[in-house]
Structures are given as C-alpha cells and as structure tokens.
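1. sequence first, predicted model second:
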Amino acid sequence: MSNSLDETNYQSGRVLFILISGIIALMVIFAFSLAWVDSRMLNEINAYKAAGLTDLPNNNADPETLLDFARQEGINCVTIQDLFTSEADCASVIDIGKTVNDYKSDQSLIWSFIAISVIALIIIFTMFIHQASSNLRRLGAEGQKFSPTWAIIWFFIPLMNLFQPIRVVRELIKASSSINTKDSRAWQNSDPPDGHIISSWWTLVIFSILFGPRGIAIFVGRDNIEDWAASGRLLVWADLFQVLPLVLTGIVVYRIQRAQEIKHQLELRRRTS
C-alpha cells in the first residue's frame, strides 16, 4: 500500500505555520516600534511638564488650536500671522504642535501596518484551524464536537467567541496529540496537553483586545498634560503587552501542526503494517 501524503488526503500545516510565524514576527516588530514611538512622546511630555506646561495642543494642532493653546499657557503668540512668521514666542508653539502632529502621524502609520497584519493573520490562522480540524478524521480521530466549518464560525460570533474558540483549540490539540492508532475515540478520555498554554493564550488574546493600545487611546482622556503623561505610560506597557499573545499564538499553532505531523506518520505506519 502506498504511504504517500495523498493516501489519507492529509494536508500538512507546515506552510501555513511558516506564514503565521512570519506575520507574527512582523507584528512583534510593529509592537516594539509603537512602544518606541509612545515612549519617545512620553519623554517629550515629561519635558513639557518640567517646563511648566499644563496641556498640549490637540485636534491636529491647526492654527486656531495653537493660538488657543498659547493663550491658555500664557505664551506670547497672538495672531496667525505671528505663527507663520514665527514672531515672538510662536516658534516654541509651532515646535510643540509639530511634535504632537509628528507623534500622531507616526502612530497612524504603524497602526496601518498593524491593521493589515491583523487581517492577514486572522485569514491565515482561520485557514490553519479549518485545515487542522479537517485533518482529524483523515488522521483516524473521530467524535469531534466541532466541524471544520464551525471551528471557524465560533471565532466570529459575539460573546460566544469569548469561550468557544478555546474549546475548539483544546479539541484540536487533544485529538491531534493522541498516539492511539487503534481506538479512534481514545483521545476523548485524555487530558488536553499544554492546557495551561491554551488557557493563557486565549486569556491574553481577549485581554489584549479589550485593554490594548487602541482601547487606551480611545477611552483614556487627554484633558491636561497629566492625562497625556498617564496615557503615555499606559500606552507603552500596552504596546509591549501585545507581544505575549502573539508569541503564544505561534506556540499554539506550532503544537497543533507538530502533533498532526507525528500523528500522520503513525497513521501511515499503521496502514502499511
């Protein structure tokens, strides 16, 4: 009997794992880049606090906003013409406005790359989950609670996606890790390997979505320079925190892919014996 990969219609997840790993590596770089941008701005904010400022210009630092900011801070910069000619103390106001605008521009650029990466990761990750779920029957495992289609759908149903995806992944790892080639349902009575990793992974994913940098930027106010500083500190930590669920995602995908490769080899040996 042939022992080719096509014998059981098994599809290796190696390529998808490599793609997922590459995207995760890029997102880790983007997370560190975002942390660097936020920490650099935090240093500027602390310098402005030390200089006696009580707030920073917002609303893209347009001329009217800059003049309002100057009046609020008691800076001698009165007219738009003064701004354009950098008369009086307007040069410092322009520098502050430019710092804020550059910070927001750098943030927006990095976030655009992150958004593209997130979309790519979601697409390829769901492809991997669907393929891994489809492989279980081909690898001699039976009794799945989640079909390949529903293994994907649960990730996108509000509220249900808070707890169903972790059940999907636990089932995938349990069924893929079973080395019993005689009993197709033996995996159901086993404890899921790497259970703590799976629980930590999904908990951190949910936490990073709810309390990540975007949530802080949206819900934390910037009504004065103290708020700017507090927001800046939170953003730096939130940026760095994103690395943890990304790394664990790579580990979970690797464990499933490796377990299925091993199970496939065992299944081939069983068929040829």
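-> All right, it came through fine. As the structure is a computational prediction, the values presented were derived from the model and not from experiment.
2. show me where the protein has its helices.
-> 14-50, 63-73, 80-85, 90-138, 148-153, 164-177, 195-210, 213-219, 225-241, 243-272 (DSSP state H).
3. redo these as CSV? Include mean pLDDT, distance to residue 184 and mean neighbour count.
-> C-betas here are computed from N, CA, C, even on glycine. Converted to CSV, those look like this (pLDDT from 0 to 100; distance: least, CB to CB, whole Å; neighbours: other CB atoms under 10 Å):
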stretch, mean pLDDT, distance to residue 184, mean neighbour count
helix 14-50, 96, 24, 17
helix 63-73, 88, 68, 17
helix 80-85, 80, 76, 14
helix 90-138, 93, 9, 17
helix 148-153, 94, 17, 17
helix 164-177, 91, 9, 22
helix 195-210, 89, 22, 16
helix 213-219, 72, 44, 15
helix 225-241, 91, 41, 18
helix 243-272, 89, 11, 18
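4. for those, give me JSON lines that also has distance to residue 188.
-> Listed next are those as JSON lines, based on distance: least, CB to CB, whole Å:
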{"stretch": "helix 14-50", "distance to residue 188": "26"}
{"stretch": "helix 63-73", "distance to residue 188": "63"}
{"stretch": "helix 80-85", "distance to residue 188": "72"}
{"stretch": "helix 90-138", "distance to residue 188": "12"}
{"stretch": "helix 148-153", "distance to residue 188": "16"}
{"stretch": "helix 164-177", "distance to residue 188": "8"}
{"stretch": "helix 195-210", "distance to residue 188": "15"}
{"stretch": "helix 213-219", "distance to residue 188": "38"}
{"stretch": "helix 225-241", "distance to residue 188": "36"}
{"stretch": "helix 243-272", "distance to residue 188": "15"}
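5. which of these sits closest to residue 187?
-> helix 164-177 (4.7 Å; CB to CB).
6. specify the angle between the closest one and helix 195-210 in degrees.
-> 150 degrees (axes from the mean of the first three to the mean of the last three CA atoms, to 10 degrees).
7. any idea how far helix 164-177 is from the chain center?
-> The chain centroid and the centroid of helix 164-177 are separated by 21 Å under CA atoms, centre = their mean, to the nearest Å.
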